[in-house]
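J.: sequence and predicted structure are below.
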Amino acid sequence: LTAILNQNIIKINYENVDANLPMQINKNREVISLKNPVITNQKKINVYPKNQEKIINNNPEPKKFNHIYVEIIKGDNLSKVFKNAGLGEVELINIMNSSPEGKELTRMFPGEKLEFIFTLDNKLTKIIRHKSILESIHFKKNGASNGEYIVNTVIKKPEKKIIYRSARIKDSLSLSADRAKISATTTMNMANIFGGVIDFVLDVRNGDTFSVAFEEYHLDGKKINDGVIVAAQYINKGKIFNAFRYTDPDGDTGYFNEFGVSMRKAFLRAPLDFTRVSSNFNMRRLHPITKQVKPHRGIDYAAPTGTPIFSTGDGRVIESSYNNTNGNYIFIRHGNSYVTKYLHLHKRSVSKGQRVKQGQIIGQVGSTGMSTGPHLHYEFLIDGVHHNPSTVLKKLPKAKELNPLFKKDFIESISYVKEKLENNFDSFYDG
């Protein structure tokens with residue numbers, strides 16, 4: 001076996017060599033023999049002979065194209081983007097006239113990217129609009145025409161996995177979930193699913209346990225985002241709450257407990273993503289500003305200014321205004337008997353007479369009116385009488401149940417994930 005080496009290419013000829021025997025060749029600019037080579041201070045190359053001629057390039061493959069990437073920011077226009085990429089108005093007009101997708105380039109959103117691909121002699125060959133990590137639109141120049149483009153859309157399909165995670169509450173739901181590698185988005189989605197049966201402000205205790213099965217999407221071996229929650233279980237002070245995602249034969253999707261009772265209640269237990277509760281329901285409470293004993297007919301949720309506030313149920317806005325006592329406030333009527341009130345808002349996002357849905361953002365936490373700091377004051381009235389928001393939901397009508405015709409299909413569809421979810425509790429994350 002001999003090796004002919006020069007500065008750029010090593011050409012190796014193999015003759016009757018054991019194909020499984022690794023050897024070493026000392027890199028040098030002359031012919032050497034592998035039999036007792038005596039060369040010092042040379043770079044060594046491991047060679048694994050095969051019964052064929054092999055060419056090894058020392059230099060990487062030469063670059064064939066130049067790529068320019070431009071991320072769209074607020075205030076950008078297409079002429080400016082093309083100019084910065086070294087292209088003129090003619091090219092811009094050509095691509096816009098090429099197709100409906102070309103005209104859509106004028107309506108790109110901040111965060112999207114344009115990729116311009118040039119040959120080494122600076123001729124444009126392709127423009128790619130990266131709409132998202134999964135979707136891109138390719139505008140390839142037609143070689144037979146200077147001004148035409150061939151357009152096609154490329155959509156990558158991510159791999160979907162079902163992930164099972166469990167945790168035990170040590171300090172807070174969010175911190176315990178984070179330690180168990182459950183994302184903030186999935187944690188909030190779980191809280192929303194159980195939002196009609198658990199008040200995550202008042203009910204959560206150290207020692208509570210929860211488990212969640214959720215979709216996770218991967219592309220090219222890397223996680224890109226979380227999907228929907230497939231099933232979840234929360235054990236609060238020994239009481240078990242289950243929720244399973246189910247799409248019935250009519251195409252309607254919702255979350256139900258193991259008996260087919262909907263997890264969507266008439267009202268949410270809490271009207272915001274909370275940090276802490278500064279004051280509970282108290283009919284004989286010393287007002288922090290007037291220092292007089294006045295009824296406190298609701299709950300104060302302390303949270304940073306700007307925290308979104310949700311309508312706890314479907315209804316119609318009957319008041320959206322401001323006064324010196326309540327500051328910015330919103331009153332919502334739900335059916336004939338129920339009214340919810342939201343006081344001291346920084347900003348109101350709905351108007352009087354407007355219909356709202358459960359979970360819809362209606363305003364932001366603030367400290368307007370007679371308030372000592374940023375918080376939401378929340379009240380719940382039935383037939384004009386104040387009730388404790390933390391206990392009143394027990395008096396409300398029960399949630400709807402699944403259509404009896406779908407019950408068998410529901411039980412069968414959740415059986416596997418239900419078993420996996422229960423078994424997953426053997427692997428709590430207690431760190």
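T.: Received, thanks.
J.: where does residue 300 sit: helix, strand or coil?
T.: Here residue 300 is strand, with the state taken from DSSP: H, G, I helix; E, B strand; the rest coil.
J.: against residue 272, how distant is it?
T.: From residue 300 over to residue 272 the distance is 11 Å, taken as Cβ to Cβ, to the nearest Å. In short, each C-beta sits where N, CA and C put it, glycine included.
J.: joint contacts of those two?
T.: Counting by Cβ atoms under 8 Å, 6 or more residues apart in numbering, the contacts common to residue 300 and residue 272 are residue 376.
J.: residues of the host helix or strand of residue 242 that come out buried?
T.: If you go by DSSP states H and E, residue 242 is part of strand 239-247. The neighbour-count check on strand 239-247 (16 or more other Cβ atoms under 10 Å) flags 241-246 as buried.
J.: can you list the residues you listed in TSV and add pLDDT and distance to residue 206?
T.: Supplementary listing: these in TSV, determined by pLDDT from 0 to 100; distance: Cβ to Cβ, whole Å:
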residue	pLDDT	distance to residue 206
241	94	18
242	95	22
243	97	22
244	97	27
245	97	28
246	97	32
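J.: taking these, tell me the two that lie furthest apart.
T.: 241 and 246 (16.1 Å; Cβ to Cβ).
J.: got the contact list for the closest residue to residue 234 other than its chain neighbours?
T.: Distance criterion Cβ to Cβ, 6 or more residues apart in numbering; nearest residue to residue 234, sequence neighbours excluded, is residue 210 at 4.4 Å. By Cβ under 8 Å, 6+ apart, the residues touching residue 210 are 166-167, 169, 173, 177, 190, 232-235.
J.: now do residue 171
T.: Per Cβ under 8 Å, 6+ apart, neighbours of residue 171: residue 206.
J.: try it again at 10 Å.
T.: Shown in contact with residue 171 (Cβ atoms under 10 Å, 6 or more residues apart in numbering): 179, 206.
J.: quick check: longest helix of the chain.
T.: helix 407-423 (DSSP state H).
J.: list the buried residues for it?
T.: Buried residues in helix 407-423 (16+ other Cβ under 10 Å): 410-411, 413-414, 417-418, 421.
J.: in TSV: the residues you listed, plus pLDDT.
T.: Conversion of these to TSV gives the following (pLDDT from 0 to 100):
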residue	pLDDT
410	96
411	95
413	94
414	95
417	91
418	90
421	81
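J.: tell me where the model's unsure across this protein.
T.: 1-62, 144-146, 274-296, 424-431 (pLDDT under 70).
J.: one more time with 80
T.: 1-63, 143-147, 201-202, 273-297, 393-395, 397-398, 422-431 (pLDDT under 80).
J.: now do the helices in it.
T.: Going by DSSP H, the chain shows helices at 78-84, 89-96, 100-103, 173-179, 184-193, 407-423.
J.: which one of those lies nearest to residue 250?
T.: helix 407-423 (11.2 Å).
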